[in-house]
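Colleague: build me a model from this:
(one chain, ligands or ions: 1)
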Amino acid sequence: MEYFSKHWLGYNETNSLSNTDRVHLNQVFANRSEDDEIYPLTVSEIAEAQKADAEFKHYFKRNAVFDKGLEIKLVENTKCVCKEGRLVIPKPLQRRAVMWYHHYLQHPGHTRLEETINAAMYWKGMRTTIRSITKSCRTCQTNKKRKLKYGHLPAKTVIRIPWEALCVDLIGPYTLKGKDGSQIDFMALTMIDPASSWFEIVELPVVNRQRTMNVKGRELLTNDEIFDKSSERIARLVNKTWLCRYPRCRYLIYDNGSEFKLHFEHLCDSYGIKRKPTTVRNPQANAILERVHQVIGQMLRTAEIRYGQISCPR
Ligand SMILES: [Zn+2]
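Modeller: Below is the predicted model:
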């Protein structure tokens, strides 16, 4: 379940001045539990189900003979049957596993869902289980735009070496309108390695800006909430989300907006990273980002059922 959520690095440094009613993206994605039967499987549940399963229970015996690739491993202090590092899920739990991931990952299509589940779990016929569940999911049916044109990404020719370059961009603002009249606006910074397509997204914090307005000859002080896309903030987020965590890139590609001036330029220079401001975005990163934007837009639309109306810029 953490496979997706690690990309939503919630940024919670909003200052105390900001509206306490503001809802954070993390809450939108993590705390949705309208379907009470949807719970993640626990390791002990999986182990119990394995012990009750005719196919797997004998592996818990002493001197058990294991089929190819199978072994008993200690997961969270619990003995479990594993296959190549993945938990083996017995039949009675398979549906629930898929339902949980599908729900928690905000209704991805079967390909992405399979890639995620397959990294942590194993059962025979996983693809069939996943397809039957995604096919019959009502939220998916009512929300996904089937007529979306899925373009193919351009061939990867320009940058081939992983971690060599980083493309940084801003997306949004997106607006989520709740049925109760509440509203969430968000804007995010996206970072992508164009060679491997490794991707990070981080929410821009909101700051208060005071300004004076002249109303009928009177000076009035007003408070606006704006997204902090100052070069200082952008530099800090890129540093914290990418540069501190991944191998140092040689090039940093970004568009020529003011968000990427001053502090951002200092940051690149201090790390000895070559700056590549472009007016035309890197077509490869651009294409990957466009696809990512589509996916995010789709996830937001599936949230619509619960949260009312959503408008996205593209
Ligand atoms: Zn769905």
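Colleague: hmm, Tyr39 is touching Trp100, no?
Modeller: Yes. The criterion here is Cβ atoms under 8 Å, and Tyr39 meets it with Trp100 at 6.7 Å. For glycine as for every other residue, the C-beta is placed from the backbone atoms N, C-alpha and C.
Colleague: pretty sure Glu71 sits against Cys80.
Modeller: No. Using Cβ under 8 Å, Glu71 is not in contact with Cys80, being 9.6 Å away.
Colleague: between those two, which is the more surrounded one?
Modeller: Neighbour count, other Cβ atoms under 10 Å: between Glu71 and Cys80, Cys80 has more, with 21 against 15.
Colleague: who's more crowded, Tyr39 and Trp100?
Modeller: Trp100 (19 against 13).
Colleague: with adjacent residues omitted, what lies nearest to the more buried one?
Modeller: Pro40 (5.0 Å; Cβ to Cβ, 6 or more residues apart in numbering).
Colleague: the one you found in helix, strand or coil?
Modeller: coil (DSSP: H, G, I helix; E, B strand; the rest coil).
Colleague: tell me which stretches of the stretch 51-200 of the chain form strands.
Modeller: Remark: strands assigned in the stretch 51-200 of the chain by DSSP state E, counting those that start in this stretch are 70-75, 78-83, 86-88, 121-122, 165-177, 183-192, 199-203.
Colleague: quick one: buried residues of the fifth one?
Modeller: Right, the one you point to is strand 165-177. Buried positions in strand 165-177, judged by neighbour count with 16 or more other Cβ atoms under 10 Å: 165-172, 174, 176-177.
Colleague: turn those into TSV, including distance to Arg275 and pLDDT.
Modeller: TSV is the format used below for those (distance: Cβ to Cβ, whole Å; pLDDT from 0 to 100):
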residue	distance to Arg275	pLDDT
Ala165	11	89
Leu166	11	91
Cys167	12	88
Val168	11	90
Asp169	15	86
Leu170	17	86
Ile171	21	82
Gly172	24	79
Tyr174	28	78
Leu176	34	72
Lys177	38	71
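Colleague: distance to the ion added to these, as a markdown table?
Modeller: Converted to a markdown table, these look like this (distance: Cβ to the ion, whole Å):
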| residue | distance to the ion |
| --- | --- |
| Ala165 | 35 |
| Leu166 | 32 |
| Cys167 | 30 |
| Val168 | 31 |
| Asp169 | 28 |
| Leu170 | 29 |
| Ile171 | 23 |
| Gly172 | 24 |
| Tyr174 | 20 |
| Leu176 | 18 |
| Lys177 | 21 |
